[in-house]
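**Student:** Sequence plus predicted model, see below.
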Amino acid sequence: MRKVHLIFAITTLLPGLDLGSIVNATINYLGYRFLYEISRKGVGYGDVRLAFLIGLYSSSFFQTLISLVWAIVTGK
């Protein structure tokens, strides 16, 4: 992944970033890092490098999904 791709990916997330997203992304990164170390490098380091970004996107997606369901349920 090139630096320009990373910058583009993060800028698309900027409107939805909050502390919860960053915490979830950090936990995701640490989980992948732990698996990388424990599996004797059986998990590729590229997965570890992308884990934070994947955590940001999945957290943002689930927050959007929860907001959408809440809006449908409450009618707001």
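**Tutor:** That came in fine, so what should we check first?

**Student:** residues near residue 71, how many?
**Tutor:** 10 (other Cβ atoms under 10 Å). C-beta: built from backbone N, CA, C; applies to glycine.

**Student:** got it, and residue 34?
**Tutor:** 12.

**Student:** Same question for the one 3 residues further on.
**Tutor:** Residue 37 has 11 neighbouring residues, counting by other Cβ under 10 Å.

**Student:** Repeat that for residue 40.
**Tutor:** 7.

**Student:** Most remote residue from the middle of the protein, which is it?
**Tutor:** Going by Cα atoms, centre = their mean, the residue of the chain most distant from its centre is residue 75, 28.9 Å out.

**Student:** Flag the shaky bits of this protein, pLDDT-wise.
**Tutor:** Within the chain, the stretches with pLDDT under 70 are 1, 13-16, 76.

**Student:** residue contacts, the spatially most central residue of the chain?
**Tutor:** For the chain, the residue sitting closest to the mean C-alpha position, by Cα atoms, centre = their mean, is residue 55 at 1.6 Å. With contact set as Cβ atoms under 8 Å, 6 or more residues apart in numbering, residue 55 has these partners: 21, 24-29.

**Student:** could you redo the last one with a cut-off of 10 Å?
**Tutor:** By Cβ atoms under 10 Å, 6 or more residues apart in numbering, the contact list for residue 55 reads 21-32.

**Student:** by contact count, what packs against whichever helix or strand residue 20 is part of?
**Tutor:** Residue 20 belongs to helix 19-38 when assigned by DSSP states H and E. Other elements packing on helix 19-38 under the criterion 3 or more Cβ pairs under 10 Å, 6 or more residues apart in numbering; DSSP states H and E are helix 45-74.

**Student:** Could I get the contacting residues of residue 12?
**Tutor:** Counted by Cβ under 10 Å, 6+ apart, residue 12 has contacts 56-57, 60.

**Student:** JSON lines for those residues, including distance to residue 9 and neighbour count?
**Tutor:** Shown next, in JSON lines, are these (distance: Cβ to Cβ, whole Å; neighbours: other Cβ atoms under 10 Å):
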{"residue": "56", "distance to residue 9": "8", "neighbour count": "23"}
{"residue": "57", "distance to residue 9": "8", "neighbour count": "18"}
{"residue": "60", "distance to residue 9": "11", "neighbour count": "20"}
